[in-house]
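In: The sequence and its predicted three-dimensional model are supplied below.
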Amino acid sequence: MNPAADAIVDLYERHAATWVEARLRERELFERGWLDRFTADIPKGAAVLDLGCGAGEPIARYLSVRGHAVTGVDSSAAMVAMFRACLPHQRARVADMRTLRLEQRFQGILAWDSFFHLNHKDQRGMFAVFRAHAAPRAMLMFTSGPAHGEAMGSLEGEPLYHASLDPAEYRQLLENEGFAVLANVANDQSCRGRTVWLAQLQ
């Protein structure tokens, strides 16, 4: 077990403000194309679960402006506090996505740039969590790596853990929980190299 995986929450907690400021300086929602695909078949006003929501900028805000009822979940209390300040009319809670048990199902479930901070075992366990919170025909979108392995990024000079399963395993895990893959693009250069999965509950 890589100890850097266990340090993720503390890392974002300590550097929450710096991370948010850096993202806001970019002034570009490079995820827009994928977010529009994700919401294309979700009715206006539909409930969306944003796992690893961070401070709500810019993704939860984008969803909120388009009329969706967003519930943000993040393990960092500092991030959730900023989310609530940014989007006071939306809901957010401090919780670990791996053990999440909300009494609600959602038309959309998003784990953008968050799920991939989990180790391999915890990623496998997340697919049952996705299914437990999915309404009929729910859309699910998450980012991963392009191939099985672990990688280290950095945040404020400290190691930032990422992991990925093999694409075939992601497809099998989705199928096991009743999700059909609608789109998967590895290293999407229109989205700064993200590997994106879009699926729908059948």
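Out: The structure has been received and is ready for your questions. Keep in mind the model is a prediction, meaning the values are calculated, not measured.
In: Where does Gln123 sit: helix, strand or coil?
Out: Under the three-state scheme (DSSP: H, G, I helix; E, B strand; the rest coil), Gln123 adopts helix.
In: Show me where the protein has its strands.
Out: Counting by DSSP state E, residue ranges of the strands within the chain are 47-51, 69-74, 91-94, 106-111, 134-144, 149-155, 158-164, 179-188, 194-201.
In: Those strands: which one's closest to Leu100?
Out: For Leu100, the closest of these is strand 69-74, at 6.3 Å, according to C-beta to C-beta. The C-beta positions use only the backbone N, C-alpha and C, and glycine is treated the same way.
In: helices or strands up against that closest one?
Out: Secondary-structure packing of strand 69-74 (3 or more C-beta pairs under 8 Å, 6 or more residues apart in numbering; DSSP states H and E): strand 47-51, helix 59-65, helix 77-86, strand 91-94.
In: ok now do the residue sitting nearest the centre point of the chain, which residues does it touch?
Out: When C-alpha atoms, centre = their mean is applied to the chain, the residue found nearest the centroid is Ala111 (1.6 Å). Shown in contact with Ala111 (C-beta atoms under 8 Å, 6 or more residues apart in numbering): 51-52, 97, 126, 130, 141-143.
In: Val65: neighbour count?
Out: By other C-beta atoms under 10 Å, 10 other residues sit near Val65.
In: same question, the one 4 residues further on
Out: By the other C-beta under 10 Å criterion, the neighbourhood of Ala69 contains 17 residues.
In: need the contact list for the nearest residue to it once chain neighbours are set aside.
Out: Taking C-beta to C-beta, 6 or more residues apart in numbering, and ignoring the residues beside it in sequence, Ala69 has Ala47 as its nearest neighbour in space, at 4.8 Å. Ala47 sits next to 68-71, 104-108, 135 when contact means C-beta under 8 Å, 6+ apart.
In: now with 7 Å?
Out: With contact set as C-beta atoms under 7 Å, 6 or more residues apart in numbering, Ala47 has these partners: 69, 71, 104, 106-107.
In: what's the distance between the residue of the chain most remote from its centre and Val9?
Out: Most distant residue from the mean C-alpha position of the chain: Gly157, 23.1 Å away (C-alpha atoms, centre = their mean). Counting by C-beta to C-beta, to the nearest Å, the gap from Gly157 to Val9 is 18 Å.
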